[in-house]
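Chemist: return atomic coordinates for the entry below.
(4 chains)
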Protein chains: 2
Amino acid sequence: MATVPRIDTRRTLTLRDVSEASGVSEMTVSRVLRNRGDVSTATRDRVLKAAKTLGYVPNKIAGGLASQRVNLVAVIIPSLSNMVFPEVLTGISEVLEDTGLQPVVGVTNYSPEREETVLYEMLSWRPSGVILAGLEHTDAARAMMANAGIPIVEIMDVDGEAVDSVVGISHRRAGMEMAKAIVAAGYRRIGFVGTMMPHDHRARKRMEGFAEGLALAGLRLEDSEFYSGGSALLKGREMTEALLSRRPDLDFIYYSNDMIGAGGLLYCLDKGIDVPSRLGLAGFNGVELLDGLPVKLATMDACRLEVGRRAAEIIAGKGPTGATPGQRIELTPRLEPGETIRAPR
Amino acid sequence: MATVPRIDTRRTLTLRDVSEASGVSEMTVSRVLRNRGDVSTATRDRVLKAAKTLGYVPNKIAGGLASQRVNLVAVIIPSLSNMVFPEVLTGISEVLEDTGLQPVVGVTNYSPEREETVLYEMLSWRPSGVILAGLEHTDAARAMMANAGIPIVEIMDVDGEAVDSVVGISHRRAGMEMAKAIVAAGYRRIGFVGTMMPHDHRARKRMEGFAEGLALAGLRLEDSEFYSGGSALLKGREMTEALLSRRPDLDFIYYSNDMIGAGGLLYCLDKGIDVPSRLGLAGFNGVELLDGLPVKLATMDACRLEVGRRAAEIIAGKGPTGATPGQRIELTPRLEPGETIRAPR
DNA sequence: CCGAAAACCGTTAGCGGTAACATAACGCTT
DNA sequence: AAGCGTTATGTTACCGCTAACGGTTTTCGG
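Modeler: Below is the predicted model:
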């Protein structure tokens, strides 16, 4: 290990320390460290050297207060254990990377109250923008966002009214498209397996759209199963078994996400159920995991990376406050039929 | 720009606005909002009402500067797409929840330089503590942490020298234990499939410990495959196929994580390879996903939740700076033999 | 060689809170 | 009614940094 520079452990360093060590004013040090304003190369080098040997770390708290600018972007999502959200984050980070903006993540666990709290906390840091999942929020949360005077981007869902900008897909439409594809392929007795979470509005909307799509063909959901908690893969297995034992005549099961869909698929393979002839299956999300399964599950890509990117672009490109009117970007998920839906007849 | 900007009549609110609206001093408002010091119930109510109707959101930037205290804890991890880290985060959040401390996550993508940058950024917000994965850091990063004057907890790995406190398991030992178990079960021709990432030190240490464990029994790794990028499940499949086609005589494969292990397992099931008699398999991490597989993969739990919890406790319980000497907490992962290692003979 | 522009660097005045220290108001005892 | 400990509120002085502006020096065309 290299030797650590000698440091006065008593006090944390300030610009003053660097200024004294390099014989210039604090203002000049500030300019050097921010790369702003004119500073001669000679003094710049001197200052940088001093800052480095002292081990000076700027204080953004003070800087932010003085400049009234904070390079943070609040990102508020329901969960980290659903791989969907880390992927959105990746898209966001990618874009923010070279804008000097930094994402700060908050997690709500699908609780609107928690979301409100997290939002409040985040806003109290006066971020440059907010990206948050969904269009459903408490009134207080809406009010806070409307008054914050910074760009707000609601993501992942466009079925509803946005506070400012919105980037996402229509889950209602996604569900409907899937229903149409299934019907077109000739399936008629259709079941559903989904999450029980009352606050997963996107899953709900997908199911509603799906049911609506079936209705257009004069069909309806024959039966459904809901779960909460536990290993999604395992639950998919169990729910599928439960559903099929109750309704062995089903010829299709639509899952509210790929993970439980994969569980269902593995169950069918296990039991020797003929997929997709005897039983068709489809999930939602287009997760990478599916690539590794023995049979590729039908799914619909939710454009997660793209959603993150576009949202970040809005934040990064937008003027200080309401300069641009709220944008509405609806992406179109594409159906990936995989090998668990038979060809349309 | 020539256009007159639309004047935002709602300047962002300050304590002064609330104080004027409620007819007390700013100081009193501050006391009410922080629940600190004595304030009569009457004025407290008045202030809270005013703050609420105005929609006031405190400014932590200013507050932090004045009080020299910031309720943030920097958490720096390599990735969010490896489910291990979100789980650690869960443990951290659980504990911090009721301490008033708030985690802020930074991601390094396994790059030491990126880690250094992220750390610098984080420290510039003057957090109350830092939790970061691993013991390997750049010299500059080490120096920053040593000088920060706040508790630092390095997590997930104890094989090395810590800056301050450390909570984790010994991956070297984990690898060795697995090797011993495998040897005890009678396997002799053993292969390895792992990641290529040069900076995943924990995976490396596991492999080293594993090799060492084999050596104790006079054995060695017969062959190995490394991958990077892509769907881990799919890669597990492909690597297993590659390895077995090269060395069909192998009777065991050790995977550097559960995800690729699961891929390998699915491959074997597909091909009708007799697991665990003809070929044994084991992964690492104890991920929830495994519960949903047709056959339960042998693995070793990395105590992720517990690691997060203990780390957070150290941060939460610790005095301002170096009050407690650095702690060293080594947890013991337990082997979960599953159904892919045959019984010891 | 002059004068104006550009380059360089310092001074001043906060940013919006809070710690610490007054100060005022209020019981309650004696 | 004076005395005194609480309780409730106000005042003052920063926290560490940067915007805005000012002063001084250098550069350079004419």
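Chemist: is stretch A:236-251 anywhere near chain B?
Modeler: Yes. Judged by CB under 8 Å from any CB of the partner chain, stretch A:236-251 comes into contact with chain B at A:236-237. In short, each C-beta sits where N, CA and C put it, glycine included.
Chemist: what is the rounded mean pLDDT of that stretch?
Modeler: Averaging pLDDT along stretch A:236-251 gives 97.
Chemist: for stretch A:209-223, same thing?
Modeler: Averaged over stretch A:209-223, pLDDT sits at 97.
Chemist: now stretch A:150-170
Modeler: 97.
Chemist: ok, stretch A:336-345 next?
Modeler: In this model, stretch A:336-345 has a mean pLDDT of 90.
Chemist: alongside chain B, which residues does the stretch 201-345 of chain A contribute?
Modeler: Selection of the stretch 201-345 of chain A residues close to chain B by CB under 8 Å from any CB yields A:230-237, A:262-263, A:266, A:270, A:288-294, A:321-323.
Chemist: list buried residues within those residues.
Modeler: A:231-237, A:262-263, A:266, A:288-293, A:322 (16 or more other CB atoms under 10 Å in any protein chain shown).
Chemist: the residues you listed in helices, which ones?
Modeler: A:232-237, A:262-263, A:266 (DSSP state H).
Chemist: from those, which is closest to DNA strand D?
Modeler: Checking those against DNA strand D by CB to the nearest atom of the strand gives residue A:232 as the nearest, at 46.2 Å.
Chemist: contacts only, for the closest one.
Modeler: Neighbour list for residue A:232: A:257, A:259-260, A:263, B:292 [criterion: CB atoms under 8 Å, 6 or more residues apart in numbering or on different chains].
Chemist: ok, now with 10 Å
Modeler: A:81-82, A:195, A:255-263, B:288-289, B:291-292 (CB atoms under 10 Å, 6 or more residues apart in numbering or on different chains).
Chemist: cool, and residue A:136?
Modeler: Neighbours of residue A:136 in contact, by CB under 10 Å, 6+ apart: A:112, A:115, A:142, A:154, A:157, A:160, A:199, A:201-202, A:204.
Chemist: tell me the phi and psi of it?
Modeler: For residue A:136, the backbone dihedrals are phi -100, psi 120 (criterion: degrees, to the nearest 10).
Chemist: would you map the helices across the stretch 151-300 of chain A?
Modeler: A:171-184, A:201-216, A:232-246, A:258-271 (DSSP state H, counting those that start in this stretch).
Chemist: tell me the most buried of the ones you listed?
Modeler: The highest average neighbour count among those, using mean count of other CB atoms under 10 Å in any protein chain shown, belongs to helix A:258-271 at a mean of 25.
Chemist: surely residue A:120 is within a strand?
Modeler: No. Residue A:120: not assigned to a strand; according to DSSP: H, G, I helix; E, B strand; the rest coil it is helix.
Chemist: isn't it up against residue B:51?
Modeler: No. With contact defined as CB atoms under 10 Å, residue A:120 does not count as touching residue B:51 (11.8 Å).
Chemist: re the thing from before, so which of the ones in helices among the buried ones among the residues of the stretch 201-345 of chain A next to chain B comes closest to chain B?
Modeler: Nearest to chain B among those is residue A:233, at 2.5 Å by CB to the nearest CB.
Chemist: now that closest one: how far from residue B:87?
Modeler: Residue A:233 is 16 Å from residue B:87, where distance means CB to CB, to the nearest Å.
Chemist: find me the pLDDT at residue A:12, would you?
Modeler: Note for residue A:12: predicted pLDDT of 88.
Chemist: helix, strand, or coil at it?
Modeler: Following three-state DSSP, residue A:12 is assigned to coil.
Chemist: what about it, distance to residue A:37?
Modeler: Residue A:12 is 25 Å from residue A:37, where distance means CB to CB.
Chemist: and what of residue A:18?
Modeler: Between residue A:18 and residue A:37 the computed distance is 16 Å (CB to CB).
Chemist: tell me which of those two has more neighbours.
Modeler: Counted by other CB atoms under 10 Å in any protein chain shown, residue A:18 and residue A:37 do not tie: residue A:18 has more neighbours, with 25 against 10.
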